[in-house]
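Asks: Turn this into a model:
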Amino acid sequence: MGNENFHNPKLTVDAIALREDENEIQVLLIRRGREPWKGFLAFPGGFVEHGEDPEDSVVRELLEETGVSGNNPSVFAVLGHPSRDPRGHIVSVFYKVSVNPESVPVAGDDADGAEWKGLNKIKDDEMAADHITIIELLRD
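Replies: I've put the predicted structure just below:
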């Protein structure tokens, strides 16, 4: 018996990289270069490839989209409401990832920009999808 009758959600991963700078906590974000949410801020991330461990995927996506190397991923949150993404039912695992706080991000892959941004300076309406939920959790 095969699984051809199953319509499973797709899996994505997102990297949460934090640093303290000038007495504030900053988070590493990208500016999306493609739809959906082109031009909005988001956590660096993407789809888990077939046969890939999600922990490896999040480190790979962080490097591809920001040029920043990460390690020691640990699960922070999972968002998976079936209608959270216009591309279909997508479940996202958000990982806290350790990075060198001196890292200078450079946009790559499908990101139009990459930057450290003060956690308390991020506006709700500039975040892609439901990523503001993660920002709010980090602020608590």
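Asks: low pLDDT regions in this protein?
Replies: Scanning the chain for pLDDT under 70 picks out 1-3.
Asks: Quick one: the strands in it, in order.
Replies: For the chain, the strands defined by DSSP state E cover 10-16, 18-21, 24-32, 41-42, 45-47, 70-79, 90-99, 111-118.
Asks: Pick the most buried one from those strands.
Replies: Ranked by mean neighbour count, the strands of the chain are led by strand 10-16 with a mean of 23 (mean count of other CB atoms under 10 Å). Backbone N, C-alpha and C define where each C-beta goes, glycine included.
Asks: tilt between that strand and strand 70-79?
Replies: Angle of strand 10-16 versus strand 70-79, following axes from the mean of the first three to the mean of the last three CA atoms, to 10 degrees, is 120 degrees.
Asks: elements contacting strand 10-16?
Replies: When contacts are defined as 3 or more CB pairs under 8 Å, 6 or more residues apart in numbering; DSSP states H and E, strand 10-16 packs onto strand 45-47, helix 54-66, strand 70-79, strand 90-99, helix 131-139.
Asks: how close does F76 get to N8?
Replies: 23 Å (CB to CB, to the nearest Å).
Asks: E61 too?
Replies: Distance of E61 to N8, given as CB to CB: 20 Å.
Asks: who's more crowded, those two?
Replies: Each of E61 and N8 has its neighbours counted (other CB atoms under 10 Å); E61 has more, 26 against 8.
Asks: quick one on the thing from earlier: for R31, which of the helices and strands packed on strand 10-16 is the nearest?
Replies: Nearest of the helices and strands packed on strand 10-16 to R31, taken as CB to CB: helix 54-66 at 10.2 Å.
Asks: quick one: that closest one to strand 24-32, angle?
Replies: Using the same axes, to 10 degrees: helix 54-66 against strand 24-32 is 80 degrees.
Asks: Going by neighbour count, list what's buried in helix 54-66.
Replies: For helix 54-66, burial by neighbour count (16 or more other CB atoms under 10 Å) applies to E55, S57, V58, V59, R60, E61, L62, L63, E65, T66.
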